[in-house]
Each structure stands twice: as C-alpha cells, then as structure tokens.
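**Q** what follows is a protein structure lacking sequence information:
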Ligand SMILES: Nc1ncnc2c1ncn2[C@@H]1O[C@H](COP(=O)(O)OP(=O)(O)OP(=O)(O)O)[C@@H](O)[C@H]1O
Ligand SMILES: [Mg+2]
C-alpha cells in the first residue's frame, strides 16, 4: 500500500501534488497584494497602484482557480485508477486462493474488502491529498508573508501556533484508537445485512423476522453508540480552532491598533496579517483532520492487505506432469481442515481405483465422503500420505491439467446467470451443438430442455432459482461431461432426481470411457459399480462389490435392508 504503482497512476499523483501546491501559493499571495492596495492605493489615493495591484490580484486568483481545477481532475483520475488497480489485484488474489484460503474468510467479508474497503481508501485519499499538501504549503508561505508584512507582529503566531498544535495533537491521539472499533462495528452491521438478505427467503419461511430484527438492532445500536463516542471528540477540532483563531485576531487587533496609533503600522498591513491568521490556522485544522481520516481508512487498508498477504500454499509445480490415465490411488492418506485440530477428518485411507472403473462411495452424513473426493482434483492437499492420480502424486501434476482431467460435480453446485447453453459451455467453450446434445442426453437433461420455450437459450436467473433441484443437478452433470474428463466425480449429484432417471443417467455414464466416482445416499445408485467403498467417520470400513459387501459388511447390509423396506425400487 505504501508504494504507488508506476506509470500513469504515479504521474497523476505527482501532477495532483504539484498543482495543489501551485494553487495554494497563488492563493496565499492575495492578502499580501490586498494589504498594498489598501495602504498604497486607497490610503494614498493613488489609482494607478490600485489598478496595477488589483490586476495582479485578479491574475493570482485566476491562476489559483485554474490550478485548482487541474488538480481536481488529476486527483480524481489518480484515486479512481488506484481504486481500480486495487480492486483488480485483490480480485486476482482471491481467484488464486485455494479452497483452504477460502475457508479463512467469510464470503461477506471478502465482498466488503473488494468493494467498501476500497471505496473507503479511495475517499480518504481524495480528501487527504488536498489538505496534506495545502496545509504545510499554506503554513510555511503564510508565515513567510506575515513576516514580510511586519516581523514585529508575526511573533504572535509563534506563540499561538504551538498551543493550537498541542490541542489538535491531543484530539487526534484521543480519537485514533476509536476508529478500528468503529470499523469493526460497521463490519458487524454489514455482515448482518448480507447474511439476512442472502437467506431472506428462509427467514420468512421460518417466520423469524422478529428474531432477525432483534439481532440487527443490537449491532445497529452498537454502531450508533461507538460512532457517537468517536465523533464527540473528533468534532472538538473546530471549536478548538475557532477559539485559537479569535484569540489571535483579538491580540493582533489590539497590538496593531496601538502600533497604528503610534504610526509604525499601516491599516492595510493589519488586514493582511489578519487574513494570514485565518489561512495558517485553517491549514493546521486541515492537517489534523487528515490524520483522523487516514486513521479511519487504516482499518480498511489492513483488511485489504490481509487478502494480499494470504499465503496460497497450494500451487502448481514447475514442469508439472500430465495425467497418464484415470487411475486413483490413496496411500495411507489422512486429512484435517484445521492443522491445529486434534482429530483427523480422514484417517489412513488406502484405496485403489483402476482407470475406467465405476466406483461408488457410501457412508453416513458427515463421514467425510465429500472430503475424500476433494483430494483427487487437489482442492485440498492431504495432511499426511499421498494421493496419486493418473500415475503421479497430485503434487507433481500440473494443476490446470489435473483439474481439466478431473471433472467434479460438487454437492452444492451452482449455475451462473446466462443461458443454459452458456452454462454448459463452461465445461468446453468450443463445444458444438451436437456435443451439447450428447452431454445432455447422457445426463437426461435433454427432455426438460426441449420442453422449455427457448430451449438451450433459456435464461438461467441468479444461481438457477428458476430451475428445479433435479434439473440443476442434471445440467451440472452435462456441464462436467462436456469437459471430456478422464475422471468424473459425482458428489450426491442425482439426489434430487427420481430413481428411474437416476438409473438412466448411471447406465449412460457406465458406457463412457472414463473413471466414474459416485457418492450416493441410495444403494440403488451404486449397486452396479465395479467396487464400493463404505466410509465411517473418515475411515474405510469395507471395500467390495455389491454382492461381496452384502455378505461381508454389516453396515452395508443394514443400509440395504432399511432402504429396501422403505423403497421397493431402491434395491434394484
Ligand atoms: N471446509 C471445511 N472446513 C472445516 N471443516 C469441514 C469443511 N468441510 C467439511 N468439514 C467437516 O468435515 C467432516 C466431513 O464432512 P464431509 O462434507 O466430507 O462429509 P460428507 O460425508 O460429505 O457428508 P454429507 O453426506 O452430509 O455430504 C464434517 O465433520 C464437516 O464438519
Ligand atoms: Mg458431502
């Protein structure tokens, strides 16, 4: 953050600083000229001086205005470009995240970091550049001009200024620590709103509006309290500034009056000095409010930096290998999501799948079925042991090649806004219509697509809410098939499809020349597989074919019986 990117953006920044400095300098000259107009023009009744100095004053004002306009444009370009770069870099950083990194951030927090936080930094910068340059420039040039007019009087500034400086410093020091609290309270409100809006249908379905409203009220009033507490002190800035200013003005007028009576000071000089009091004090207040502003954006900067500093441990090796076939081998694999956790989620898995086999995984909910298959496309790295895919340890494989060759239909898969055809082409951007037809036929999605008025051109609304659960699942399977993977993983991907269609999809898949790994709740979905793995609490309980497991595995046998009783079609 400390470094400003090179090139265009840096030039805008330098330009903004130069032009604001120029604007300020020309502005500071004006009271000096005014003093001369009053003393040499008006008091001595010399019109030529009045005209000459008046013209100079107009030129100064005009130049100051012009530079101010150029500054404003440069500053706007600088901050907007910088914000765009920040957003792009942050977006790219998040895209590089592995699943493990994504587990470290709330989704709502990543959204705030990409939008609100960047805007906060942008706003802080645009409001800070001007006072940060103007303040010191005005302070110094104002002092010089004041001394030029009358050195005897200017010492009054030197008495008052340190005093005002001290007061402002105390205010800043007091308010600073309050800003991180303010930002945290704002985050809490944002988070509540986002969570509530994402799940608003569920909230209504459960009639929990009151409960949600109460939770919102808590964070909302906390935010109000903290911001009142913060700004109570921060707003002392202005009165402190005014008190110091009026004290100085009164002192100046009093001493100036004596000097004018004594004939050692002129009226115009006094007016000039008075103008500089205003400018100098103003610059001090500007500097102090910038400090407050920047402190406030520090919290946002830190949050953005956290995203940049998040270490992506899961990367593709240089000269990564390519898969030879669709085989998978687990060698004594253990895994946990949190390295600090005591218990393994998966422990000591040994399993071998030959290329082209159809295999099933079954087990109670939470037995780590999804976790087990997530290791195959290397969504996570095993904590211990090795996962071998296509003949190589996954860590030796080119990551893109691995994920291209392993298509996974996730348990909670999503579709994107766009047409059905666009969604399917996610799997293969160059797919022709006949490829789409074929994939949809195997996934049994063709029948409902044909019935839609716009067919493949039907728009899918946000996350597919205009499709049924089973329709979405079939589209996701078709999308995965279009990748023509060596290994296809279906994580409970036909759970919302009726048993008849489920069987047709399975039959179609079993004829494809690829390894198919299927997680299922229903025994009927996997009974015809070449081998079935029974998972229990992250451990392999049994491996075998349907017939073998019926004899040897008590869990499998019990499951079979219970499903057969419940659904006569299930044990087909
Ligand atoms: N991203 C994650 N971070 C931390 N823990 C996780 C994560 N995903 C899953 N877990 C935990 O790992 C365990 C196994 O979860 P997993 O999703 O693999 O089970 P599953 O067998 O697929 O269950 P289901 O049948 O309900 O889909 C659970 O205890 C779960 O809480
Ligand atoms: Mg699962």
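**A** Thanks, I have it. The shown structure was predicted, so the numbers you read here are calculated from the model rather than taken from an experiment. Numbers count the residues shown, from 1 in each chain. Ligands and ions are numbered 1, 2, ... in the order given.
**Q** where does the stretch 1-150 of the chain get nearest to ligand 1, residue-wise?
**A** Going by C-beta to the nearest ligand atom, ligand 1 is nearest to residue 103 of the stretch 1-150 of the chain, at 4.8 Å. The C-beta positions use only the backbone N, C-alpha and C, and glycine is treated the same way.
**Q** how close does that residue sit to residue 507?
**A** 37 Å (C-beta to C-beta, to the nearest Å).
**Q** kindly report the same for residue 465.
**A** According to C-beta to C-beta, residue 465 and residue 507 sit 30 Å apart.
**Q** now residue 139
**A** From residue 139 over to residue 507 (counting by C-beta to C-beta), the distance is 83 Å.
**Q** neighbour-wise, which of those two wins?
**A** Neighbour totals were compared for residue 139 and residue 507, and residue 139 leads with 21 against 11 (other C-beta atoms under 10 Å).
**Q** quick check on the closest residue to the more buried one other than its chain neighbours: phi, psi?
**A** Closest residue to residue 139 in three dimensions, ignoring its sequence neighbours and counting by C-beta to C-beta, 6 or more residues apart in numbering: residue 283, at 4.6 Å. Reported as degrees, to the nearest 10, the phi and psi values for residue 283 are phi -60, psi -40.
**Q** tell me the contacts of residue 283?
**A** Contacts for residue 283 (C-beta atoms under 8 Å, 6 or more residues apart in numbering) come out as 131, 134, 135, 136, 137, 138, 139, 142.
**Q** hmm, 7 Å instead?
**A** The contact partners of residue 283, taken as C-beta atoms under 7 Å, 6 or more residues apart in numbering, are 134, 135, 138, 139.
**Q** how about TSV for these, with pLDDT and secondary structure added?
**A** Supplementary listing: the contacts of residue 283 in TSV, determined by pLDDT from 0 to 100; DSSP: H, G, I helix; E, B strand; the rest coil:
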residue	pLDDT	secondary structure
134	86	helix
135	83	helix
138	83	helix
139	82	helix
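**Q** can you redo those as TSV with distance to residue 439?
**A** As requested, those are arranged in TSV below (distance: C-beta to C-beta, whole Å):
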residue	distance to residue 439
134	64
135	65
138	69
139	71
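**Q** residue of the stretch 1-150 of the chain nearest ligand 2, please.
**A** As assessed by C-beta to the ion, ligand 2 sits closest to residue 99 within the stretch 1-150 of the chain, at 13.8 Å.
**Q** OK, contacts around that residue?
**A** Going by C-beta under 7 Å, 6+ apart, the list of residues near residue 99 reads 379, 380.
**Q** how close does it get to residue 73?
**A** Counting by C-beta to C-beta, the separation of residue 99 from residue 73 is 44 Å.
**Q** looking at the chain, which residue ends up farthest from its center?
**A** Going by C-alpha atoms, centre = their mean, the residue of the chain most distant from its centre is residue 262, 67.7 Å out.
**Q** nearest the geometric middle of the chain, what residue?
**A** Ranked by distance to the mean C-alpha position of the chain (C-alpha atoms, centre = their mean), the top residue is residue 114 at 2.8 Å.
**Q** let me see the confidence value for the closest residue to that one other than its chain neighbours.
**A** Closest residue to residue 114 apart from its sequence neighbours, by C-beta to C-beta, 6+ apart: residue 90 at 5.5 Å. pLDDT, the model's per-residue confidence, is 91 for residue 90.
**Q** doesn't residue 90 belong to a strand?
**A** No - counting by DSSP: H, G, I helix; E, B strand; the rest coil, residue 90 is not part of a strand but helix.
**Q** number of residues surrounding it?
**A** For residue 90, the count of nearby residues is 20 (other C-beta under 10 Å).
**Q** correct me, but it touches residue 307?
**A** Yes - between residue 90 and residue 307 there is a contact under C-beta atoms under 7 Å: 5.4 Å.
**Q** what touches both of the two?
**A** Both residue 90 and residue 307 are in contact with residue 113, where contact means C-beta under 7 Å, 6+ apart.
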